[in-house]
Each structure stands twice: as C-alpha cells, then as structure tokens.
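*Asks:* Give me the fold of what follows.
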Amino acid sequence: MIFARGLTCAPQFVFVSIAPVHRLAHNSGVASLAWMKNGDLLAVGCTQRNLQIYDLRIQGTSTAPISTHAHDNAVHGIIVDPSSDLFATFSRGSVGEPVKLWDMRRMDSCVSEIKLDSKRYSGADLASTDLPSVADVAWDTSAIGVLSIATNESLRFYDTRINPSRPTLIRKTTSRTSVQSMAFHPQPMKVQRMLVVSTDGFVSDLPLRQVAPVAISSRDGRVSSSASGMVWAGSPVEGENLWCALFLVSFCCLRLMAEPIRLFFLF
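*Replies:* Numbering: from 1, shown residues only. Next up is the predicted model:
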C-alpha cells in the first residue's frame, strides 16, 4: 500500500508493508466472502460447492472452520440479513439450483431452499433447460426480512419473517431482459427504489411498493389513474370499452412494478 506524507509541493511517498491480522488455511478456491456477527465470523463460499465459517475470535490458524455442502456448483454469493441471524447463498448460472437460507447459529443444514419455477411452463411440460437460473440475490433494505432474487426472467420477492423454513412469495415481476445484478437504495426511509443492471448493459431505476390508484366514474365510465408522478384521465367509456380501458391502465401500472391496483367507484 502507498501512503502520502506531508502536504508540500513535492510530497514524499512511503511504502508500508502491513502484515495480515489473520492467516486462514484454505484448501479450495474462493468464490465469495461475507462478514458476520460484526466481523467476528467470516463466511467463505468455495468453488468446490462448500460453505465454510471461520471464527476470528479464536487465535491461530489450526482451528478448522465449520464446513458444509451448500450447492452443486460454486457458492457465488453469501448475503447476510442485517436484521436477523439468517443469510442466503446461491450459485450463479446453475439451472434449477435453489437459493438456500441458513441460520448462522446452526450450520448442520440449511433452514430452507427456495426453488424457482419457470414462467413459461409447469408440471409435465417443464424441462430442466426451462428452469430459471439465479443471477443475483439481495435483502430488501426497505422491508425487514424480504429477500429478493433476480433470475434470467424475473424479479421475485420472498417474505422470510413469519416462517423462514417456508418463505412466502409476495411479489414477482417479469423482466424485459435478463438481469445481471441489482442493488437497493442504502437509505430506504428516504428513497424506496432499486437499481437493476441487465445483461444488455442497461441500468434501470425501479420504484418499490408504488401505489397505482385507479378511479372509475359510475356516471359516465370515465377512468383516471396515477403512477410515477403522472395522472391520466380518459374519455367516457361504456361496456366492453370500459373493461378494455381498465385493462390497459392495469397493464401500464404493473409494468411499473406497482402494488395491487386500488379501485374507487365515484358517484
């Protein structure tokens, strides 16, 4: 590392060699890392399918880490829930490989497996090549215990608070392109948004839990809607035209990742 010394016109540079605080024996390639318990534990995702936990409070390098089989391929991600003792692991690009939830207090087995189905097929028509592959996983900073999973076809949100052994799918949004990575805003109390990077190089700024109200006048069938700071008001419609207009408004709101649409009939 290089450190600058002084603020003169000709600064002097000093090369400093810093010895590592810990040296950990490891017999496999490393695919991912994550800190746990305020830095007391270090989780290592191996290229040879294992997950290892090192307790850095123990001095020396002779103590063997806690090791368990995690995935059928490399463990590409270890994502720690900031609000609990849970953390998630995934293997990127592995078709049909589930996302696994773990409790750092007991590592004998995972708490649950989140298996992803396809949006196109189900049942007997579902082939292994049609199963989605996980691209990225993150904890929602604006909702406690909500785990988001990005696949090559959708964004999925799971609630793990009530029963971590059976995470509940609370929302699923189909992606226009394959997702490469995602990130939530670090200040969710101020801004509830997320960034999504697609494989074609585009970055999307998406709202979270946005309400898309729809109002229908019982007098003349006029439809009005609002989403993303915009308000639309249509001309009077009747019969099939009313349901067609309502469908179009609903479709536009859902494409904006809105919450379930609220309907109000005005008299």
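*Asks:* show me where pLDDT drops low in the stretch 51-200 of the chain?
*Replies:* Residue ranges of the stretch 51-200 of the chain with pLDDT under 70: 59-63, 118-130.
*Asks:* I figured residue 174 hits residue 153, correct?
*Replies:* Yes - with contact defined as CB atoms under 8 Å, residue 174 reaches residue 153; the gap is 6.7 Å. The way it works is simple: take the backbone N, C-alpha and C, and place the C-beta from them, glycine included.
*Asks:* Show me which of the two is the more surrounded one.
*Replies:* Between residue 174 and residue 153, residue 153 has the larger neighbour count (other CB atoms under 10 Å), namely 22 against 10.
*Asks:* Distance of the nearest residue to that one once chain neighbours are set aside relative to residue 150?
*Replies:* Distance criterion CB to CB, 6 or more residues apart in numbering; nearest residue to residue 153, sequence neighbours excluded, is residue 132 at 5.2 Å. When distance is defined by CB to CB, to the nearest Å, residue 132 is 10 Å away from residue 150.
*Asks:* which of those two has more neighbours?
*Replies:* residue 150 (25 against 20).
*Asks:* quick one: that one is in a helix?
*Replies:* No - under DSSP: H, G, I helix; E, B strand; the rest coil, residue 150 sits outside any helix and is assigned strand.
*Asks:* ok, it - contacts?
*Replies:* If you count contacts by CB atoms under 8 Å, 6 or more residues apart in numbering, residue 150 has them with 134, 135, 136, 137, 138, 156, 175, 179, 181, 182, 196.
*Asks:* Now residue 97: which helix or strand?
*Replies:* Using DSSP states H and E, residue 97 sits within no helix or strand.
*Asks:* Just give me the neighbour total for the residue nearest to it when sequence neighbours are not counted.
*Replies:* Nearest residue to residue 97, sequence neighbours excluded (CB to CB, 6+ apart): residue 91, at 4.8 Å. Counted with other CB under 10 Å, the neighbours of residue 91 add up to 23.
*Asks:* Distance of residue 91 relative to residue 175?
*Replies:* In terms of CB to CB, residue 91 sits 20 Å off from residue 175.
*Asks:* what's the answer for residue 108, then?
*Replies:* 36 Å.
*Asks:* quick one, which of the two is more surrounded?
*Replies:* Under the criterion of other CB under 10 Å, the comparison of residue 108 against residue 175 puts residue 175 first, with 18 against 7.
*Asks:* isn't that one right up against residue 155?
*Replies:* Yes - counting by CB under 8 Å, residue 155 is a contact partner of residue 175 at 6.3 Å.
*Asks:* Quickly list what's touching both of the two.
*Replies:* With CB under 8 Å, 6+ apart as the test, residue 175 and residue 155 both reach residue 196.
*Asks:* Just checking: what are the partner strands of the particular helix or strand that has residue 44 in it?
*Replies:* Following DSSP H and E, one finds residue 44 within strand 41-46. Counting by DSSP bridges, the strands paired with strand 41-46 are strand 30-36 (antiparallel), strand 50-55 (antiparallel).
*Asks:* strands paired with the next helix or strand after the shortest one, and their directions?
*Replies:* Moving toward the C-terminus from strand 50-55, the first helix or strand encountered (DSSP H and E) is strand 66-69. Neighbouring strands of strand 66-69 in its sheet, by DSSP bridges, are strand 50-55 (antiparallel).
*Asks:* pLDDT wise, what is residue 44 at?
*Replies:* Per-residue confidence at residue 44 stands at 93 (pLDDT).
*Asks:* surely it meets residue 51?
*Replies:* Yes - Residue 44 lies in contact with residue 51 (CB under 8 Å); the separation is 7.4 Å.
*Asks:* Those two: who's more crowded?
*Replies:* Neighbours around residue 44 and residue 51, counted as other CB under 10 Å, are more numerous at residue 51. The numbers are 24 against 21.
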